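sequence and predicted structure below; questions after.
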Amino acid sequence: MVAATTKRFLKDYPEALIGGAGAVFVGAGVSMGAGYPSWASLLTEVGEELGVKSGELHDLAALAQWSIQENGSATQVRNVIKEQIGVEYPVPPTLEIISRLPVKYIWTTNYDRLVERAFGAVNRPIDTVSGAADLALRATPGASRLFKMHGSIERLDDVVISTDDYELYRSKRGAFLPLLQAHLSSMSMLFLGISFTDPNIRHVLSLIRESFISAPPEHFAIVRPPHRGDYRSEAEFETRSIQHRLWSRDLKRYGLVVVEIDDYAELPELLRQVERRVAARRVWVSGSWPPEAGAEIAKVYGVAQAIGQLVGNRGRDLVSGAGLVVGSASIAGFLDALRSSGGWDLDRRLIARPFPQPIPGAAPDGVQWAALRAELARIAGIVVFVGGMKVDPDTGSVMVAGGVLDEFEAAKAADCFVIPVGSTGGAAAQISDSLIGSAIDASGPNAMRPTDEELKELARADISVGKIVQLVSAILTRIDKRT
């Protein structure tokens, strides 16, 4: 049975992301999962040189401070960090998913470049702020911002590591604190791999506690409770379990909801559920129709426009390849809905990925178009197919658009819910015929298509545009209940 806090997380955090109010704090646990050493392991060699055994390492900032004092500089500590954190381990699935979510602000106390590399792998821009002076730099339009509170491997002369660094944090890096406090006050923060022992984080949480005595903003922390196998004795396990329960309850004072998982290997799947729920609020209207292909264009345009308007009226986001007929019609309907409601937040709700058109006589870039289709399918959780015809360049006759069929395959590969409007003909009719009676689930939590009855109704030649909108609206309502 799914715990109540997990259900709450899967409902509320995706809503925060959709509304542009979701942020993430990446802790050391995420980097350790990728292969980087823990803070204690990192300083084992330093401690042994000072005569402190690894099992006795507790105040690690003090240990770094002692090393600096003994050696007259921080060179040794920095060399250890360079050698062990400078290695580029594979990006973990957790950060791969984070890089795809609509997150504008990411915070971390880690030195490594895992987050930057995760964003780079999907060609998504990210501004890294690793020093106080960087906060004054103008943000790159459309880029997420990564705040590295304790510095970065790229600037080892400016990392937070010793007691001095922590005690002088407010004078050297104090500009980070009010900004983090502002984000914690106005956004829903997801904490990953955090122990909440960092003095700066605890300080900011205390400020939030002061500002919101009775109703602090809601944040989420995904944690793994103690397991018996983690400890040498039953007594130690019981002690740690009691401490964990008390710690979890105490975090409620700061508005933190603890979401427990049995193993950190479960974290990627939990975040994929978040990704799917965010995607389920986005509808891609796929299809095509050549303008010169007769009277049917009026019906195709009318259906696409009505679907776009429905998407806007339902508070969903529109995903579009910005094609000439179906794409422009769905965008026009979507804009009509936004104008009528006063919601001109196009920068967030309209996601367009126009397909680069080749010059006359040249073929389109198949690899690039395939990548765009896969990206559109990944972004959207629901795909509505309208029409799907093109003119054969060799014969001049009208034929089914193979590209729309490719988009159907991309949608299936991305586990999208597909809704073909078969009455509009072309690829949409072929897709509808292939789904009727198929093994793809039409009901339950894993449903990926309408029922056979709905598909047949949407494929009726005499169905009106109003009835199509009514049916699609009912299907969207059912999808909402599914997620």
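Looks like it arrived, so ask away.

who's the closest residue to A380 other than its chain neighbours bridged to?
Closest residue to A380 apart from its sequence neighbours, by Cβ to Cβ, 6 or more residues apart in numbering: W284 at 3.7 Å. For every residue, glycine as well, the C-beta is placed using N, CA and C. Beta bridges link W284 to V319, V383, judged by DSSP bridges.

the stretch 351-483 of the chain: strands as residue ranges?
Using DSSP state E, counting those that start in this stretch, the strands of the stretch 351-483 of the chain run over 382-387, 389-391, 398-400, 417-421.

deepest of those strands, which one?
Across the strands of the stretch 351-483 of the chain, averaging neighbours per residue (mean count of other Cβ atoms under 10 Å) puts strand 382-387 on top, at a mean of 29.

report how many residues lie close to P450.
Per other Cβ atoms under 10 Å, the neighbour tally for P450 reads 25.

for it, phi and psi?
For P450, the backbone dihedrals are phi -70, psi 170 (criterion: degrees, to the nearest 10).

from the chain's centroid, how far away is stretch 464-480?
From the chain centre to the centre of stretch 464-480 is a distance of 27 Å (Cα atoms, centre = their mean, to the nearest Å).

let me redo that: stretch 314-323
Chain-centre distance of stretch 314-323: 18 Å, with Cα atoms, centre = their mean.

just stretch 353-367 next, same as before
30 Å.

average pLDDT for it?
Average pLDDT, stretch 353-367: 81.

just the residues contacting that stretch, thanks.
Stretch 353-367 has contacts (Cβ atoms under 8 Å, 6 or more residues apart in numbering) with 319-323, 368-369, 372, 375-376, 379.

next one: stretch 189-202
When contacts are defined by Cβ under 8 Å, 6+ apart, stretch 189-202 is touched by residues 13, 22-33, 94, 107, 109, 149, 166, 169, 176-177, 183, 205, 219-222, 247, 251, 256, 267.

next: stretch 287-298.
Residues from elsewhere that reach stretch 287-298, judged by Cβ under 8 Å, 6+ apart: 300-301, 304, 323-326, 385-391, 398, 401, 403-404, 424-428.

can you pull out the helices in the stretch 101-250 of the chain?
Remark: helices assigned in the stretch 101-250 of the chain by DSSP state H, counting those that start in this stretch are 114-121, 163-167, 169-173, 176-186, 199-211, 234-250.

so which bits of stretch 112-129 are buried?
Residues of stretch 112-129 classed as buried by neighbour count (16 or more other Cβ atoms under 10 Å): 112-119, 126, 128-129.

what's the answer for stretch 172-182, then?
Across stretch 172-182, burial judged by 16+ other Cβ under 10 Å covers 173, 175-177, 179-181.

what residues are up against I97?
I97 makes contacts with 268, 271-272, 274-275, as judged by Cβ under 8 Å, 6+ apart.

just give me the closest of those residues to V87.
P268 (21.9 Å; Cβ to Cβ).

count the residues that sit near the closest one.
P268: 17 surrounding residues under other Cβ under 10 Å.

one more: F212?
F212 has 15 nearby residues by other Cβ under 10 Å.

and it, what does it touch?
By Cβ under 8 Å, 6+ apart, the residues touching F212 are 185, 255.

try it again with 10 Å
When contacts are counted by Cβ atoms under 10 Å, 6 or more residues apart in numbering, F212 touches 184-185, 253-255.

next one: L177
149, 169-170, 200-201, 203-204, 207.

OK, contacts around E454?
For E454, the contact set (Cβ under 10 Å, 6+ apart) comprises 419, 432, 436, 442, 471-472, 474-475, 478.

from the residues you listed, which single one is nearest L310?
V472 (6.3 Å).

the closest one: how many residues sit nearby?
V472 sits with 24 neighbouring residues when counted by other Cβ under 10 Å.

if I look at V283, how far off is I68?
Distance of V283 to I68, given as Cβ to Cβ, to the nearest Å: 57 Å.

can you dump the C-alpha coordinates of stretch 459-479 into CSV?
The C-alpha coordinates for stretch 459-479 follow below in CSV (Å, rounded to 0.1, in the frame of the first residue of the first chain):
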residue,chain,number,x,y,z
ALA,A,459,-14.1,7.5,-36.0
ARG,A,460,-17.8,8.0,-37.0
ALA,A,461,-17.9,9.9,-40.3
ASP,A,462,-20.9,12.1,-39.3
ILE,A,463,-19.7,13.0,-35.8
SER,A,464,-19.8,16.7,-35.1
VAL,A,465,-16.9,18.8,-33.8
GLY,A,466,-18.8,19.5,-30.7
LYS,A,467,-19.3,15.8,-30.0
ILE,A,468,-15.5,15.2,-30.6
VAL,A,469,-14.7,17.9,-28.0
GLN,A,470,-17.2,16.4,-25.6
LEU,A,471,-15.7,12.9,-25.9
VAL,A,472,-12.1,14.1,-25.6
SER,A,473,-13.0,16.2,-22.6
ALA,A,474,-14.5,13.1,-20.9
ILE,A,475,-11.3,11.1,-21.7
LEU,A,476,-9.1,13.9,-20.2
THR,A,477,-11.2,13.9,-17.0
ARG,A,478,-10.7,10.1,-16.7
ILE,A,479,-7.0,10.6,-17.2
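
from the chain's centre, how far out does it sit?
With Cα atoms, centre = their mean as the basis, stretch 459-479 stands 30 Å off its chain's centre.

stretch 264-279 now?
Taking Cα atoms, centre = their mean, one finds stretch 264-279 lying 9 Å from the centre of the chain it belongs to.

what angle sits between the helix or strand in which K11 is found and helix 234-250?
Element membership of K11, judged by DSSP states H and E, is helix 4-18. Interaxial angle of helix 4-18 relative to helix 234-250 (axes from the mean of the first three to the mean of the last three Cα atoms, to 10 degrees): 40 degrees.

which residue ranges of the stretch 301-450 of the chain form helices?
In the stretch 301-450 of the chain, the helices defined using DSSP H, counting those that start in this stretch lie at 326-341, 346-349, 366-379, 402-413, 426-435.

after the helix or strand of the chain with the lowest mean pLDDT, next one along is what?
Across the helices and strands of the chain, mean confidence by mean pLDDT, DSSP states H and E is lowest for helix 44-49: a mean of 67. As assigned by DSSP H and E, the chain's next helix or strand after helix 44-49 is helix 60-71.

can you name the element that comes right after that following helix?
Heading C-terminal from helix 60-71, the first helix or strand you meet, by DSSP H and E, is helix 75-85.

what does the pLDDT read for R202?
Note on R202: pLDDT of 75.

for L346, that is, sorry about that
74.

show me what contacts it?
318, 331, 334-335, 338, 352.
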